[in-house]
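Participant: test case, fold it:
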Amino acid sequence: MARYRGPKSKIARKFREPIFGADKALEKKNYPPGQHGPNKRRGKQSEYAIQLMEKQKAKYTYGILERQFSNLFEKASRSKGITGENLLKLCESRLDNVVFRLGIAPSRRGARQLVGHRHIVVNGEVVNIPSYTVKDGDIIEVREKSKSLESITASLANRNNNYDWLEWNVSSMRGTFITSPERVQIPENIKEQLIVELYSK
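Facilitator: The predicted structure follows:
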């Protein structure tokens, strides 16, 4: 399964945002990576460069590679509504993202691993495809054999996020994807309109 395996701090510094979670390197060096550090002259970015950066930020945030991302954009543009918002809704509906949002894993990368190792059940069936699209009303739970896994129990113990579009039952380790979130409910700092403009060229 292909995915980004490079240095996470470098990417976080590139976008000046904690894309992969809290990062001490970002706090210490709040400037883009590069040989000449903060003193390097950085020219004004072109419109295309700004749009491309926004697309890359979205891809790294959700852990999606280029082909998958362009396929999601195609699907979003065919759907009713605003294309940019549809794109983010599709990203949020991915199983690995839902597992992360429910607090079963501390990061999307960890959630992807749990799904790939068959620890997650959707509507009573084991699903091991991280990109699986979760639909309204779907029930996501931890597989019975996996409920005692240390990584899962530790993540749930530190769970502090609650989202209006998700419901979580602590005792049964079961969550419900109530509905796709509206744009205002998605906390990610992504300017989706720039991505739409990039693909529209």
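Participant: centre of the chain to stretch 164-175, how far?
Facilitator: Centroid separation for stretch 164-175 versus its chain: 19 Å, with C-alpha atoms, centre = their mean, to the nearest Å.
Participant: so who does V126 touch?
Facilitator: Contact analysis of V126 by C-beta atoms under 8 Å, 6 or more residues apart in numbering lists 118, 120, 143. Glycine gets a C-beta too; all of them are placed from N, C-alpha and C.
Participant: go on, A49?
Facilitator: A49 neighbours (C-beta under 8 Å, 6+ apart): none.
Participant: any idea how far it lies from Y132?
Facilitator: According to C-beta to C-beta, to the nearest Å, A49 stands 33 Å off from Y132.
Participant: how about the contacts of V126 in a markdown table, adding neighbour count, secondary structure and pLDDT?
Facilitator: Converted to a markdown table, these look like this (neighbours: other C-beta atoms under 10 Å; DSSP: H, G, I helix; E, B strand; the rest coil; pLDDT from 0 to 100):
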| residue | neighbour count | secondary structure | pLDDT |
| --- | --- | --- | --- |
| R118 | 13 | coil | 96 |
| I120 | 27 | strand | 97 |
| R143 | 16 | coil | 95 |
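Participant: among the residues you listed, which one sits closest to A105?
Facilitator: I120 (9.4 Å; C-beta to C-beta).
Participant: residue contacts, that closest one?
Facilitator: Shown in contact with I120 (C-beta under 8 Å, 6+ apart): 95, 99, 104, 114, 126-128, 140-143.
Participant: which of these are buried, as a ChimeraX select command?
Facilitator: Selecting only the buried entries of those in ChimeraX, with 16 or more other C-beta atoms under 10 Å as the criterion:
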select :95,99,104,114,127,140,141,142,143
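Participant: cheers, nothing more for now.
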